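Undergrad: model this:
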Amino acid sequence: MFPLLLIFLDDDDEIERDFISFGLPRQIYTRSNYFLTLDEIGFQRRFRLTKEAVLFTLDLIEEDLEHPTDLNGSMSPLNQFLTFLRFCATAKHFISVGDYMGCHLSTVCRIVRRVARAICFRCKHFIRLPQTEAQMSEEANNFYNVAKFPRVIGLIDCTHIKIQSLGGDNAEVFRNRKGFFSLNVQVICNASLSITNVVARWPGSTHDATVFINSRVHAEFESRKYTNYLLLGDSGYPALKYLLTPLLNPHSEIEQLYNESHIRTRNGIERCFGVLKRRFPILAYGIRLKNMDTIMAVITSTCILHNIAIMFNEDTINLYPEENAMNFELLIHNANNINGNDNRGHEDDVNGVNQRSHLINNYFGRL
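TA: Below is the predicted model:
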């Protein structure tokens, strides 16, 4: 109970002082217009997208973010989107993001969930494998120009995204073999490092090959939707007719040539992970959320924004000089290579081995 206060009409200063002493003042936030006050470079360093890319994305999701009224200092769709980008760019606690954007931490929590889902609803427009023969042929030509590996339309690999323990009976399923909790996220990218497929729902203890075999992409290749075209993966995957892996022990110059071309071409997926996690450090440092649906939405939405950034020719090189590049690259390397190539989940398929041998003898043997 508060002590009885004798309040007079002209005691405004005393009223304000008494309310503050009892912890009753209403929190008032000031919001800066970063879109106008920051220059292009400063804006991109803080929010990871250019102003042009932000306006393009905002035009797609604005209807999902609009507040039914403009009362009580509601956050505009632009500020909501920038709040989400700031969260992904810093991987900080909600209270820190809220202090920067001028809102309460509970507001940041709701905004992150709302914006991530709004972006994910547009997934099929930005993340998809080539569908027509012309698109497949174009992708194959782009990969061929890298290291003369023929008929490739995608590079596949998995990366671990660190999360907090979700608790419950199944919490340990998310602990990977390195000892921390994570999601094992499967990504397929093209030669320009754009993401053409993402699967972000498997716990960290799941092997890469298991994620692939249970994915829709596997079913599409099995049904021969992508006839005569290939994926390239590391030796953690089984050799399949449409998924080629490197030789573990090459014995001839032709086999070494195959391995060299395979490694140089498949290097694109590692660079894709590096660019993605440098653009959105939350994927490298870890997602501190408790709701699995929101975690998956954040991962998928950052992949979509990564593709949008590539559409606008955004470059991450020398963009964030204030960050400790050595520690950051080490963090990315550890996350990308957590499974290792010696942990095979499935045996090679006979047709896959024959396909690889046929390609080595009849194509690389003639180079």
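
Undergrad: from the chain's centre, how far out does the lengthiest strand in the chain sit?
TA: Counting by DSSP state E, the longest strand found in the chain is strand 152-162. Here strand 152-162 is found 11 Å from its chain centre; the criterion is C-alpha atoms, centre = their mean, to the nearest Å.

Undergrad: mean confidence (pLDDT) on that strand, please.
TA: Computed over strand 152-162, the mean pLDDT rounds to 97.

Undergrad: what is the following helix or strand past it packed up against?
TA: Reading on from strand 152-162 to the C-terminus, the next helix or strand found by DSSP states H and E is strand 182-189. Counting contacts by 3 or more C-beta pairs under 8 Å, 6 or more residues apart in numbering; DSSP states H and E, strand 182-189 packs against strand 152-162, strand 195-203, helix 208-213, helix 253-279, helix 292-311. The way it works is simple: take the backbone N, C-alpha and C, and place the C-beta from them, glycine included.

Undergrad: so what touches stretch 243-260?
TA: Contacts to stretch 243-260, defined as C-beta atoms under 8 Å, 6 or more residues apart in numbering, come from residues 147, 156, 212, 221, 230-235, 237-239, 262-263, 266, 348, 352, 355-356, 359-361, 364-365, 367.

Undergrad: tell me which of the residues you listed fall in strands.
TA: Checking the contacts of stretch 243-260 against DSSP E, those in strands are Ile156, Leu230, Leu231, Leu232.

Undergrad: gap between Ser182 and Glu172?
TA: 12 Å (C-beta to C-beta, to the nearest Å).

Undergrad: the more surrounded of these two?
TA: Ser182 (22 against 12; other C-beta atoms under 10 Å).

Undergrad: pull the number of nearby residues for the closest residue in space to the more buried one that isn't next to it in sequence.
TA: Among residues not flanking Ser182 along the chain, Gly204 sits closest, at 3.5 Å (C-beta to C-beta, 6 or more residues apart in numbering). Using other C-beta under 10 Å, Gly204 has 25 neighbouring residues.

Undergrad: quick one on the thing from earlier: whichever of the contacts of stretch 243-260 end up buried, select them in ChimeraX.
TA: Remark: buried members of the contacts of stretch 243-260, expressed as a ChimeraX selection using 16 or more other C-beta atoms under 10 Å:
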select :147,156,212,221,230,231,232,233,234,235,237,238,239,262,266,352,355,356,359,360,364
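
Undergrad: if we can go back for a sec, need the max-distance pair from the ones in strands among the contacts of stretch 243-260.
TA: Ile156 and Leu230 (10.3 Å; C-beta to C-beta).

Undergrad: circling back to that earlier point, tell me what the longest strand of the chain is packed against?
TA: Judged by 3+ C-beta pairs under 8 Å, 6+ apart, strand 152-162 is in contact with helix 133-147, strand 182-189, strand 195-203, helix 208-213, strand 230-232, helix 253-279, helix 325-336.

Undergrad: hmm, 6 Å instead?
TA: Contacts defined by 3 or more C-beta pairs under 6 Å, 6 or more residues apart in numbering; DSSP states H and E place strand 152-162 against helix 133-147, strand 182-189, strand 230-232, helix 253-279, helix 325-336.
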